[in-house]
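Novice: sequence and predicted structure, then a few things I'm wondering about:
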Amino acid sequence: MFNEFTIGRRALLGGAAGTAAFGLAATANAQKPMVVGFIYVGPRDDYGYNQAHAEAAAILKKMPGVKIVEEEKVPETVAVEKSMESMINLDGATLIFPTSFGYFDPHMLKMAAKFPKVQFRHCGGLWTEGKHPVNTGSYFGYIDEAQYLSGIVAGSTTKSGKLGFVAAKPIPQVLRNINAFTLGAQSVNPKITTQAIFTGDWALPVKEAEATNSMVAQGVDVVTCHVDSPKVVIETAERAGIFTCGYHCNQAKLAPKGYLTGAEWNWERIYVDMVEAMKKGQAPGNFVRGGLKEGYVRSSAYGPAVSAAAREKTDAAKAAILSGSLSIYKGALKDNKGNTVIPAGASYVITEPKLEGMNYLVEGVIGATS
Amino acid sequence: MTTTLERVAVPVLALLASALLFGLLLALYAKVDPLEAFALMYQGAFGSWFSWQNTLTRAAPLILTALCTALPARLGLVIIGNEGALVAGGVAAAAAGVAVSGAPSLVVQIMMALAAMIIGGLWIALAGGLRQWRGVNETISSLLLTYIAIALMNHFVEGPLRDPSSLNKPSTHPIGDTNMIGTISGTDVHWGLVFGIVACVAIYVFQRFTTWGFAMEVIGGNPKTARMMGLNVDRYVLLACGAGGAAAGLAGMIEVAAVHGRANASLAVGYGYSGILVSFLARHHPIAIVPVAILLGGIGASGGLLQRRLDLPDAAVVVLQGIIFVAILASETLYGRLWKPKAVA
């Protein structure tokens, strides 16, 4: 809460990396490099949402003729408009990736109208043809596919049959993850339950630790999460001696014993494609979405605690998702209040628009959306 | 006696000392050339018309939120609930704006401003009332009220006031483009800057030239004496807290009506907390708040450039803010000591 006052330890770490980035730009190309701007809502080294983007941006830095400029901890307010404008005016950026959901409307749209020659691509899937400017666009991954796989691993590993999910807010994106994780686990054993706890915001480390501890006390033995930085949940669970599934990026380092697998973004696929398109003089795609098949999301490598049987089951499900023969959301599916949410016989593909407005928790999830 | 020269010299000395210390940190820890860093900071904050607009845009909300601390400080209170008043005011403004969105835009804007100022004012007046009547420390209560305000905001934008089409970022319904308050013509800076400066001048005039303003100064000097003189201390405390809260509430309304167009979690991004800093740096003087807010706005504006050009983390400018804050507080002890009259033997 007291962000404005706290003197972060990272203030003292930043120097070393700086010179490296500079040297590269100077030697890369005699021509003027193409400048690409990245804006993150939190710290770049959060072991989570922002790090997933920053790791992909770091890969772009190795491309010849490309210069990356980055800003972290930019709030979803007029500050992000000014960051974009500053990147355009002072650095000459021609492609900008504002990576946080709340940057889109009105901030990015305002800047896109002001700078029609600059390309803006936003992480989140909000772009609509005809409604939003052509120099804007969005990209996103169906990460619930990877959550489903995590659920299978969790379901195969749990002994108590109780899983835990620490979540930020009951919005569709998060509910899809909780439900997919639970459905994956129930594909192993239909009796498995998931305890969901909503902390109320994207970065509340104290509440996240409390939620994890309370789950441990209730007998939950595999926990995962959807918050900006899974670091606290994963470390707390590891100390308590239970298993974890990661989110956003690979957290195996934080839990060498208990880390099973995790649902990760793979933004580099999208970023490299978009930058290459720009270098060829084309506009990058306006609406880019995909899941495991397109390589936009992936699972972390299995941890040491994952049994051979669990690996086999998960790999089989992954192959079925890739071939299109397995649908995560199919009827008859009930929510945890007993209402039928997907009728018997119906089966949704991952791109189904109805899933975008998900407002329920499936049967077997303990928790409420409001 | 504090002289005018001291009032300027002491803060300037503190700022210079802060810059020196920050430069040392940059050179020794971050291994960055401090002169290059300062040159970049100047470029990012004041080096061009674009940079100036960037700075002023960031300064605008800080001027109003600073008043939330500065006004009660005149009476000896330390209020730090600025963020809560801003958030409460912003939600109230959005609710009012949506409720009357069909009316002429000027009416909508006035209703929004009134709703925000009333709710923000009541929010901080509550802290003042708790102090006067229940003996609750106003610093703690106003801080805790902020958490309540943010929780209530989340409740309202995710529940009763939610626009159902705002799926993954719960928000209120938009107030409508025609009801937005625009930018000052010829610039990118929204009208919130002008509101803030006008408020500061008005409050200065009020404090300096009215009996009420004088009464507040008396209460700040010694509340017991003030009471013995027959001043209604409770009333003045509530008034100052209410006016301060109204200023922060107005900042919330401007965030809604000039930036976001709706209320959502982006209201709580720390303008209120920065406002506390501005007020203390300005020694709670309403006119001094304006340049201090511009200075902090400039530091914020230059932070991006430091990150991009020198690969410094965002925390670099936060460290600078922290150093300035400590230096200004420490420099308080210098008043009356800089020009000591020579001791007579």
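Specialist: Nice, thanks for sending it over.

Novice: helix or strand for the residue in the stretch 151-300 of chain B that chain A sits nearest to, which one?
Specialist: Of all residues in the stretch 151-300 of chain B, the one sitting closest to chain A is B:Val269 (3.9 Å; C-beta to the nearest C-beta). Where you see a C-beta, it was placed from the backbone N, CA and C, and this is true even at glycine. When elements are defined using DSSP states H and E, B:Val269 is found to belong to no helix and no strand.

Novice: and it, what does it touch?
Specialist: Residues near B:Val269 by C-beta atoms under 8 Å, 6 or more residues apart in numbering or on different chains: A:75-77, A:79.

Novice: got it, and B:Ala99?
Specialist: Contact analysis of B:Ala99 by C-beta under 8 Å, 6+ apart lists B:Met111.

Novice: same question, the one 10 residues further on
Specialist: Shown here is B:Gln109, whose contacts under the criterion C-beta under 8 Å, 6+ apart are B:179, B:181, B:257.

Novice: the last one is in contact with B:Thr178, isn't it?
Specialist: No. Counting by C-beta atoms under 8 Å, B:Ala257 stays clear of B:Thr178, with 11.4 Å between them.

Novice: these two: which has the busier surroundings?
Specialist: When neighbours are counted by other C-beta atoms under 10 Å in any protein chain shown, B:Ala257 comes out ahead of the other of B:Ala257 and B:Thr178, with 28 against 9.

Novice: which residue packs closest to the more buried one, ignoring adjacent ones?
Specialist: Computed as C-beta to C-beta, 6 or more residues apart in numbering or on different chains, the closest residue to B:Ala257 that is not its neighbour in sequence is B:Ile181, at 4.9 Å.

Novice: next up, the contacts around that neighbour.
Specialist: When contacts are taken as C-beta under 8 Å, 6+ apart, B:Ile181 is in contact with B:109, B:190-192, B:254, B:257-258.

Novice: pLDDT averaged over stretch A:301-313 - what is it?
Specialist: Confidence over stretch A:301-313, taken as the mean pLDDT, stands at 97.

Novice: just the endpoints, please. Distance across it?
Specialist: 15 Å (C-alpha to C-alpha, to the nearest Å).

Novice: tell me which residues of that stretch come out buried.
Specialist: Neighbour counts over stretch A:301-313 (16 or more other C-beta atoms under 10 Å in any protein chain shown) mark A:302-303, A:305-306, A:310, A:313 as buried.

Novice: the longest helix seen in chain B: what's the following helix or strand?
Specialist: Longest helix in chain B by number of residues, with DSSP state H as the criterion: helix B:105-134. Past helix B:105-134, further along toward the C-terminus, the next helix or strand under DSSP H and E is helix B:138-158.

Novice: now for that next one, which elements pack on it?
Specialist: With contacts defined as 3 or more C-beta pairs under 8 Å, 6 or more residues apart in numbering or on different chains; DSSP states H and E, the secondary structure elements packing on helix B:138-158 are helix B:82-99, helix B:105-134.

Novice: burial-wise, tell me which of the ones you listed comes out on top.
Specialist: helix B:82-99 (a mean of 30; mean count of other C-beta atoms under 10 Å in any protein chain shown).

Novice: quick one: mean pLDDT over that one.
Specialist: Model confidence over helix B:82-99, given as mean pLDDT, is 97.

Novice: picking that back up, and the pLDDT at the residue of the stretch 151-300 of chain B closest to chain A?
Specialist: For B:Val269, pLDDT reads 91.

Novice: any idea how far it lies from A:Ala217?
Specialist: Applying C-beta to C-beta, to the nearest Å, the value for B:Val269 to A:Ala217 is 35 Å.

Novice: the stretch 151-300 of chain A: helices as residue ranges?
Specialist: With DSSP state H, counting those that start in this stretch, the ranges of helices along the stretch 151-300 of chain A come out as A:172-186, A:205-217, A:231-240, A:267-279.

Novice: Throw those into JSON lines and include distance to chain B, thanks.
Specialist: Converted to JSON lines, those look like this (distance: least, C-beta to the nearest C-beta, whole Å):
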{"stretch": "helix A:172-186", "distance to chain B": "5"}
{"stretch": "helix A:205-217", "distance to chain B": "12"}
{"stretch": "helix A:231-240", "distance to chain B": "17"}
{"stretch": "helix A:267-279", "distance to chain B": "18"}
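
Novice: can you pull up the most central residue in chain A?
Specialist: Among the residues of chain A, the smallest C-alpha distance to the mean C-alpha position (C-alpha atoms, centre = their mean) belongs to A:His248, namely 4.2 Å.

Novice: any idea how far chain B is from that residue?
Specialist: With distances defined as C-beta to the nearest C-beta, to the nearest Å, the gap from A:His248 to chain B amounts to 16 Å.
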